[in-house]
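> Next comes the sequence, and after it the predicted model I'd like to discuss.
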Amino acid sequence: MRAFNAELSKLFSLPGIWLAFLIGAFAPAVIAALVITQQKAEIIATGLSEAGYDGLGFGVQGVIILGVLAVSSEYLTESSESGGGRQITTSLTVVSSRLHFLLAKAGAVTVISILLCIIAMMTTASATQLILGEYAPVFFEWSRLIGVVCYWTFNALLAFGMTVLMKNGIIPLAVLIINSSVVSFSVLLSKVTKLAFYLPDRAGLEMFMFFNDRSHGIFDKFYTPFTGGLVMFAWVVVLFIAAAIVFHRRDVAS
Amino acid sequence: MSVSSSRKITQILGAELEKLVTLPLIWRTLIGTFILNLVLAAAFTSAGLQGAAGTQNILNIGLASMGYLQAGFIILGVSATCSEYTGGQIRTTLTAIPWRGIQLSAKHLALAAITIPAAFIIAASGVLYTFIRLRDTAVGFEIDIMIKTLVGATGYLTLTTLLSAAIGALLRRTTPALVILLGYYYIVSPLTRDFLPKYLPDTAGSYMYMPPSSDEINVLTPMQGTGISMLWTLIFITAAIVFYRKRDA
């Protein structure tokens, strides 16, 4: 529990974390507002229930940054004037069990992403209400909202696990941001092979997006929300186990 | 010690080039981008082969991966300037080269010298792969259009790299710079394409290599696109230099 508190306080004192909070809390609302103003007439005509949720789908960047920063900040080399040290050596001196350290950090990331997701849902819901007024579709369907929370948390943990493996935030950041954007690799690959439906973000999206009402047909429904979530969760677990094993066996100094 | 100023500039350029060449991240990024581009070209090609046969345009499919490719070059630009700020290298740099404006300009020049051949090879390899796979089914194409498009793509990637380098120099931290650039290029820009004018760096730049299509009204010519995105890059580089000269290192 102490290690968990320490990780929380480390996370809150990171300078880059404010960017993550800002993006996580407000970007979904802004994106939802943009998309809704573009398709306002269409939404009013059809009562499309997707409105707002695609904002939450794109806004997952905030927690991706959170997961990446939580790990990559530990590996940042300090300047040679202050001994060229790294935070990770201090952290592991204090919490000597590496598994405990990793679990505490993952726990802190999970708690913050859930909170961030709840804030994002509130801002997005109010933005939707504000623009669409009485035409706003029912936003609070609990099963879908839980899906969004799971999607965000799993994405944060994926970013976390990838960064532990790579010790550097650049690659996970690039891969995950592009993948959560309009031109996602997974969506492209799912046009080539059916196997791509098992990729974590493609499967995870099914937890809250209903693809069957899309007209352009690149999104096909493949899972029920529950199995989509299970597939993504399996990825998170596998990645976390791999990260834990590698982290356990690795020389910290290298 | 007094050195003539042209000799000085050559030495600074040499030093910046050497720093970039010895940065391991640069080579990893370039090799990774190269491999990724081939994989994507393969994916797009096989998606293209499944489509209607006989109507594909090799250039369209070969350059379809450009949207993903630019991420590698954004990383390249950001890490070139931000690497100075991890571990206090910047203080050594400025002790050796106290002329800040010249130093940062030399860094951008050195970066361009590395990026241009790399961008050309990477863009050309994707098109070549598509050409080999689609030779039989594709409609005929002309070699001069292909060269023009490849030069445009190279220019676009180089300008993107320099723009990212300038933003990296402005923000001095890798993660925020990367988040802002990737967020702009992949999230904000595609979502706002319908209302914003076509003068933003990535939209204008995309006309440098896009084959002209007839169904849009106010498209830019490749030359206009080049000019606009060059202007954006220059504005950001100038801003970076101005801040760099004023600011505490």
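That came through, no problem.
> which bits of the stretch 151-254 of chain A sit near chain B?
A:169-171, A:173-174, A:177-178, A:181-183, A:185, A:188-189, A:191-192 (CB under 8 Å from any CB of the partner chain). To be clear about C-beta, it is placed using only N, CA and C from the backbone, and glycine gets the same treatment.
> at 10 Å what do you get?
With CB under 10 Å from any CB of the partner chain as the criterion, the stretch 151-254 of chain A meets chain B at residues A:168-171, A:173-185, A:188-189, A:191-193, A:196.
> Now that you've got those residues, can you turn the buried subset into something I can paste into PyMOL?
To isolate the buried members of those in PyMOL, using 16 or more other CB atoms under 10 Å in any protein chain shown:
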select buried, chain A and resi 168+169+170+171+173+174+175+176+177+178+179+180+181+184+185+188+189+196
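> Next, the residues that contact the helix or strand B:Gly14 falls within from outside, please.
Counting by DSSP states H and E, the element that carries B:Gly14 is helix B:5-21. Helix B:5-21 is contacted from outside by B:2-4, B:26-27, B:76, B:79-80, B:83-84, B:89, B:93, B:96-97, B:99, B:102-111, B:113-115, using CB atoms under 10 Å, 6 or more residues apart in numbering or on different chains.
> Quick one: name whatever helix or strand follows it.
By DSSP H and E, the next helix or strand past helix B:5-21 is helix B:24-50.
> the inter-axis angle of that following helix versus helix B:5-21?
60 degrees (axes from the mean of the first three to the mean of the last three CA atoms, to 10 degrees).
> so where do the helices sit in the stretch 1-150 of chain A?
In the stretch 1-150 of chain A, the helices defined using DSSP state H, counting those that start in this stretch lie at A:2-12, A:17-38, A:40-46, A:53-58, A:61-72, A:87-94, A:98-132, A:142-166.
> Of all these, which one is nearest B:Gly225?
helix A:17-38 (24.6 Å; CB to CB).
> Can you find which helix in chain B contains the most residues?
Criterion DSSP state H: the longest helix present in chain B is helix B:100-134.
> Toward the C-terminus, what is the element adjacent to that helix?
Assigned by DSSP H and E, the successor of helix B:100-134 is helix B:143-171.
> For A:Trp142, give me the pLDDT.
On the pLDDT scale, A:Trp142 is placed at 78.
> Around it, count how many other residues there are.
7 (other CB atoms under 10 Å in any protein chain shown).
> could you measure it against B:Gly48, distance?
43 Å (CB to CB, to the nearest Å).
> For B:Leu109, which non-adjacent residue is closest in space?
B:Leu13 (6.2 Å; CB to CB, 6 or more residues apart in numbering or on different chains).
> residue ranges with poor pLDDT in chain A?
By pLDDT under 70, the low-scoring segments of chain A are A:43-51, A:79-84, A:134-140, A:190-192, A:210-223, A:253-254.
> okay, and the helix or strand of chain B with the least pLDDT?
helix B:58-62 (a mean of 71; mean pLDDT, DSSP states H and E).
> Tell me how far B:Ala71 lies from chain A.
5 Å (CB to the nearest CB, to the nearest Å).
> Find the helix or strand that the nearest residue to that residue once chain neighbours are set aside is a member of.
Leaving aside its chain neighbours, B:Ala71 sits nearest to A:Ala174 (5.2 Å; criterion: CB to CB, 6+ apart). A:Ala174 is part of helix A:170-179 when elements are defined by DSSP H and E.
> Counting by contacts, list what that helix packs against.
helix A:61-72, helix A:142-166, helix A:185-192, helix A:200-205, helix B:24-50, helix B:66-82, helix B:174-183 (3 or more CB pairs under 10 Å, 6 or more residues apart in numbering or on different chains; DSSP states H and E).
> quick revisit: which residues in the helix holding B:Gly14 does the neighbour count mark as buried?
Quick answer for helix B:5-21 (16+ other CB under 10 Å): B:Ile9, B:Ile12, B:Leu13, B:Ala15, B:Glu16, B:Leu17, B:Lys19, B:Leu20.
> I'd like to know how many residues surround the residue lying closest to A:Ile23 once chain neighbours are set aside.
Counting by CB to CB, 6+ apart, A:Gly62 is the residue found nearest to A:Ile23 once chain neighbours are left out, at 4.1 Å. Neighbourhood size, A:Gly62 [other CB under 10 Å]: 28.
> Surely A:Gly62 touches A:Ala25?
Yes. Contact criterion CB atoms under 10 Å: A:Gly62 and A:Ala25 qualify, at 7.0 Å.
> if I look at these two, which residues touch both of them?
Residues touching both A:Gly62 and A:Ala25 (CB under 10 Å, 6+ apart) are A:Leu116, A:Cys117, A:Ile119, A:Ala120.
> Spell out which residues sit in contact with the closest residue to the last one other than its chain neighbours, please.
Think A:Ala120. Leaving aside its sequence neighbours, A:Ala120 sits nearest to A:Pro28 (CB to CB, 6+ apart; 4.6 Å). For A:Pro28, the contact set (CB under 10 Å, 6+ apart) comprises A:52-62, A:117, A:119-121, A:123-125, A:127, A:148, A:152.
> Just the pLDDT for the closest residue to B:Ala64 other than its chain neighbours.
Leaving aside its chain neighbours, B:Ala64 sits nearest to B:Phe44 (4.6 Å; criterion: CB to CB, 6+ apart). For B:Phe44, the model assigns a pLDDT of 78.
> Nearest spatial neighbour of A:Ile183, chain-adjacent residues omitted?
Small correction: residue A:183 is Val, not Ile. B:Gly67 (5.3 Å).
> same question, A:Ile31
In space, and not counting its chain neighbours, A:Ile31 is closest to A:Gly55: 4.2 Å by CB to CB, 6+ apart.
> Over to B:Val127?
Counting by CB to CB, 6+ apart, the residue nearest B:Val127 is B:Gly62, at 3.5 Å.
> ok, A:Ile65 to A:Ala27 distance?
11 Å.
> Mind telling me which residue of chain B is nearest chain A?
Chain B approaches chain A most closely through B:Gly88 (3.2 Å), counting by CB to the nearest CB.
> Tell me, how many residues neighbour that residue?
Neighbours around B:Gly88, by other CB under 10 Å: 17.
> Look up phi and psi at it.
phi 70, psi 20 (degrees, to the nearest 10).
> what does the one 5 residues further on give?
Dihedral angles phi and psi of B:Thr93 (degrees, to the nearest 10) take the values phi -60, psi -50.
> residues in contact with it?
B:Ala15, B:Glu16, B:Lys19, B:Glu84, B:Arg100, B:Gln103, B:Lys107, B:Ala249.
> A:Val71 versus the fifth one, what's the distance?
Read it as B:Arg100. Applying CB to CB to B:Arg100 and A:Val71 gives a distance of 34 Å.
> Give the buried residues for stretch B:233-245.
Buried positions in stretch B:233-245, judged by neighbour count with 16+ other CB under 10 Å: B:Thr233, B:Phe236, B:Ile237, B:Ala240, B:Ile241, B:Tyr244.
> So what touches it?
Residues contacting stretch B:233-245 (CB under 10 Å, 6+ apart): B:81, B:90, B:94, B:99-105, B:107-108, B:158-172, B:201, B:205.
> show me the residues around the residue nearest to A:Val183 that make contact.
Taking CB under 10 Å, 6+ apart, one finds A:Ile178, A:Ser181, A:Val182, A:Val183, A:Leu188, B:Leu40, B:Tyr185, B:Tyr186, B:Pro190, B:Asp202, B:Ser206 in contact with B:Gly67.
> Check what pLDDT it gets.
Confidence score, pLDDT, at B:Gly67: 79.
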